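**Q** Predicted structure and sequence below. I'll ask about it afterward.
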Amino acid sequence: MAHKYQGPWSFFEIKEGLAAPGPPDKGADFVLYINSKGDIDPDRSTVAGVKVQTGKADDTATTKTKALDITDAKGRHYVGFFVKEFPTDDGPALVIQGHYKDPAPLSPKTKAAASATGQDEGDWVLTKP
């Protein structure tokens, strides 16, 4: 039996700042291939159009425990929490909400120490189907 979170997800980034509030921006979908241990296959999985570097999925997660913990090939780290499951005629509809954070860029002077400028982070929602 396939993992409950396996397959395509619709990805929406939640706006902040002057543009908010408003509808979230539709991004590239997440496509997850997950084994029975909850490991996300980096060779076949993508998040927002970028290959997965590492990832774990827990389909027994609650609203207080991580459902998804994924780092993409560019270093962006996504952590998501289970929100709700709705029964439908075509199977369950699922909602996961989370936060992403990019790695801190290298300091332009030393190329070693982290600099806080240019680091991007934000909130997102996944829906399936």
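**A** Arrived safely, thanks for sending.

**Q** low-confidence ranges in the protein?
**A** 17-22, 105-119 (pLDDT under 70).

**Q** residue ranges of the strands in it, please?
**A** 7-14, 25-26, 30-32, 46-47, 50-57, 66-72, 77-86, 93-101, 121-128 (DSSP state E).

**Q** now for the last one, which elements pack on it?
**A** Counting contacts by 3 or more Cβ pairs under 8 Å, 6 or more residues apart in numbering; DSSP states H and E, strand 121-128 is packed against strand 7-14, strand 77-86, strand 93-101. For glycine as for every other residue, the C-beta is placed from the backbone atoms N, C-alpha and C.

**Q** how deep is D90 tucked in, by neighbour count?
**A** Under the neighbour criterion other Cβ atoms under 10 Å, D90 is assigned a count of 7.

**Q** Could you measure from the residue lying closest to it once chain neighbours are set aside over to A48?
**A** Nearest non-adjacent residue to D90, counting by Cβ to Cβ, 6 or more residues apart in numbering: P129, 6.8 Å away. Distance of P129 to A48, computed by Cβ to Cβ, to the nearest Å: 18 Å.

**Q** So which residue is smack in the middle of the chain?
**A** Centroid-nearest residue in the chain: Y78, 4.3 Å away (criterion: Cα atoms, centre = their mean).

**Q** So what pairs up with that one in the strands?
**A** I70, Y100 (DSSP bridges).

**Q** My guess is it contacts K66. True?
**A** No: counting by Cβ atoms under 8 Å, Y78 sits too far from K66 to count as a contact (10.2 Å).
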